[in-house]
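[1] this is a predicted model, with the sequence first.
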Amino acid sequence: MKTMTTRKAVKTTGSTAIAAALLASGLVACAPGGQGPDDPTCPNGKIAFGIEPYEAPDKLEPAYRSIAEDLGRALDCEVEVMIVEDYSAEVLAMRNGSLHLGQFGPLGFVFADRIAQAEPLVSFAQANGELSSYTAGIWVRAESPVYRIEDLRGRDLALGSVGSTSGDALPRMALSEAGLSENEVTTDYAGGHPEALLALKNGTVEAAEINSQTLAAATAQGTFDPQAYRQIWVSEPIPNDPITITAHASEELKDNVRRALSDVEPATIAQVAELLDVDPPGRLIPVTKDDYRSLYHLADELGMSIKDVP
């Protein structure tokens with residue numbers, strides 16, 4: 001059996017940069033050992049596994065390395081973790097064949113399916129075997145006169161990143177459903193979930209989106225006291241991120257990867273599960289497009305496209 005290794009995560013500025021990085025590491029050119037691009041189980045001798053940048057790379061890379069090493073041993077093929085620069089770069093890299101596997105946010109998966117024909121394999125289960133989920137939320141300070149989402153009229157709201165499921169799309173949909181037009185609430189993109197929370201803490205905005213994953217992490221770290229704030233809106237549960245495979249992969253590789261990921265022990269997944277607020281974690285379980293139908297509806301209702309997922 002081969003020695004399984006993973007390179008340090010690579011940040012990129014787009015799908016072209018990803019392709020260049022993969023070429024340099026032998027993922028696009030024919031790899032030593034005779035495994036070429038048409039090898040059905042180990043194309044070019046390596047499998048490139050892209051991860052969306054939902055946390056800092058120095059947190060994501062070691063967490064996913066554990067999964068990649070287990071997957072590599074099961075497949076007898078090196079699996080390389082690559083943390084991409086942004087969500088659209090991951091979609092385009094999969095479309096261009098530079099990534100074999102990719103974990104996408106729920107809304108990002110919609111575009112990965114529509115643009116790159118990414119196929120969902122598995123997602124993160126709770127210990128009871130059910131698909132895990134999280135929620136979007138809008139919070140204000142405890143002393144704020146804002147008690148309902150309608151009370152945000154004439155006020156400012158910090159969102160996370162453009163195109164984020166819980167940090168952008170769902171809060172904007174909630175404003176619309178509450179009868180608030182875009183010019184009635186001042187929305188500012190803070191740059192991410194932690195940044196939106198910080199804007200509320202610093203008093204630079206009157207309200208902020210804080211999803212349940214960020215809330216759990218900040219509370220555990222002691223950087224956020226929920227008792228000093230109030231949640232005025234919460235979304236329906238959002239199914240957690242799917243791990244997908246390129247449509248260009250052979251059926252043999254798809255089956256092998258799905259089986260290998262399903263066999264990964266919960267202890268190996270624990271670091272990633274903590275980042276996704278899955279506690280206690282179970283195994284990775286099979287998912288289909290049907291598990292994410294509500295996100296397709298959300299994208300269509302807001303008229304979103306890949307341009308809205310930077």
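    That came in fine, so what should we check first?

[2] contact partners of stretch 203-210?
    Stretch 203-210 is contacted from outside by 136-141, 144, 146, 152, 155-160, 166-168, 171, 188, 190, 193, 196-197, 199-200, 218, 224, 231-232, using CB atoms under 8 Å, 6 or more residues apart in numbering. C-beta: built from backbone N, CA, C; applies to glycine.

[3] apply the buried test to those residues and list what passes.
    Taking 16 or more other CB atoms under 10 Å as the criterion, what is buried in the contacts of stretch 203-210 is 136-141, 144, 146, 152, 155, 157-160, 166-168, 171, 190, 193, 196-197, 199-200, 218, 224, 232.

[4] which of the residues you listed fall in helices?
    The helices, defined by DSSP state H, take in 171, 193, 196, 197, 199, 200, 218 from these.

[5] got the contact list for the third one?
    In other words, residue 196. Applying CB under 8 Å, 6+ apart to residue 196 gives the contacts 158, 159, 160, 167, 190, 208, 209, 210.

[6] now swap in the fifth one and tell me
    With contact taken as CB under 8 Å, 6+ apart, residue 199 is in contact with 158, 188, 190, 205, 208.

[7] now the fourth one: how far from residue 197?
    The one in question is residue 205. 10 Å (CB to CB, to the nearest Å).

[8] I'd guess residue 48 is in a strand, am I close?
    Yes: under DSSP: H, G, I helix; E, B strand; the rest coil, residue 48 falls within a strand.

[9] beta partners of it?
    residue 80 (DSSP bridges).

[10] of the contacts of residue 196, which is the nearest to residue 253?
    Nearest to residue 253 out of the contacts of residue 196 is residue 167 (CB to CB; 33.3 Å).

[11] with adjacent residues omitted, what lies nearest to that closest one?
    The shortest distance from residue 167 to any non-neighbouring residue, by CB to CB, 6 or more residues apart in numbering, is to residue 160 (2.3 Å).

[12] cool, and residue 237?
    residue 133 (3.7 Å).

[13] show the pLDDT at the residue nearest to residue 167.
    pLDDT, residue 160: 92.

[14] now residue 99
    The model's pLDDT for residue 99 equals 96.

[15] ok, the nearest residue to it once chain neighbours are set aside - contacts?
    In space, residue 99 comes closest to residue 50 once its chain neighbours are excluded; the distance is 4.3 Å by CB to CB, 6+ apart. Going by CB under 8 Å, 6+ apart, residue 50 touches 18, 82, 83, 84, 90, 93, 94, 99, 101, 102, 103.

[16] can we see that at 6 Å?
    Residue 50 makes contact with 82, 84, 90, 99, 102, according to CB atoms under 6 Å, 6 or more residues apart in numbering.
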